[in-house]
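# here is my input, please return the structure:
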Amino acid sequence: MSRTSRRFFSAGAAALALALTGLVYSTTVHAASISYGNFGPVGPGVSFLNVLEASGTDPVPLYGPPTAFATGLDFNPVGFTASGAGGTADITDGQLNFTIMSPGGVKFVNLAESGNYSLTGVGTPATQVIAGAIIRATVTQINGVNVAPIVLFANTVSSNFNLVANPGVLQPWALGTNYNVGGLLSVLGYNATQKATKVDISIDNQLIAISEPLSSASISKTDFNLTVTPQVPEPATLSLAGLALCGVAALRRRNA
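Have a look, this model is predicted:
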């Protein structure tokens, strides 16, 4: 399956799909996948396990193999592109699945991506490019103890550029979000001492390009990284703990 055989369709159908769903994401069976294995621990004991990329629209790799750094994973995508011209449209969909293990708990999963887009020709705002991501998380371990899967609310983020407002060639774009695992657990009734120490993450990442008869649209992703913020005590909590320890030490000295 070559990259030129991606899912092309009419601009009208693409616009209708976007209007109905807000952000299109693939529900097709993965056409291909690549396993990159395990990474870490990075930072304060955080590990990324069973890192898998897949696509229902294109051959993989799209993200490419990741590189571990101090707080997460860095990807350098090649060929993660969507393009349309003369009234056609294109969707390129890539998924990442992995498990995060963190003895200190997972507070945030941070996603940041960037690239460039081109919008040229004659047309209306219907000639456009869109970058989007949907993050889903399932907690399977609390404080190191396995639990029945806790499915958290999904988080959706997207960015849109059109020919009238944002024309140009190789214009930069960027997109990011902080997925609040700790906060979503608290919404479900878990307290601050109940930390998510094992979390399954699924990211559905899309680039969409929609053109009109006299226009062209393309968008590429050139950088993608994931970082994890562990759930650590707040400064106020640390201060109180320090005062408590000082009090215990003073009491011991008096009793000596």
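
# P61 contacts L96, correct?
No: the pair P61 and L96 does not pass the contact test of Cβ atoms under 8 Å, sitting 11.1 Å apart. No exception for glycine: its C-beta is placed from N, CA and C like everyone else's.

# where does the prediction get shaky in the protein?
1-31, 232-256 (pLDDT under 70).

# hey, where'd the helices end up in it?
Taking DSSP state H as the criterion, the chain contains helices spanning 11-21, 181-187, 235-255.

# what about Q206, distance to N178?
Applying Cβ to Cβ, to the nearest Å, the value for Q206 to N178 is 19 Å.

# more neighbours: which of the two?
Neighbours per residue, other Cβ atoms under 10 Å: of Q206 and N178, the larger number sits with Q206, 23 against 17.

# pretty sure that one is touching A131, no?
Yes: between Q206 and A131 there is a contact under Cβ under 8 Å: 7.4 Å.

# ok, now how distant is the spatially closest residue to A192 that is not a sequence neighbour from T197?
Distances taken as Cβ to Cβ, 6 or more residues apart in numbering place S186 nearest to A192, at 7.4 Å, with adjacent residues excluded. To T197, S186 is 16 Å away according to Cβ to Cβ.

# between those two, which is the more surrounded one?
T197 (23 against 13).

# once you drop chain neighbours, what's closest to the more buried one?
Q141 (4.8 Å).

# ok, what's across the strand from that neighbour?
Per DSSP bridges, the residues bridged to Q141 are N146, K198.

# now do the end-to-end distance for stretch 189-199.
Stretch 189-199 has an end-to-end distance of 17 Å (Cα to Cα, to the nearest Å).

# re earlier: number of residues surrounding the residue nearest to T197?
Neighbours of Q141 using other Cβ under 10 Å come to 20.

# verify the contact between it and V147 for me.
Yes: with contact defined as Cβ under 8 Å, Q141 and V147 form a contacting pair (6.4 Å).
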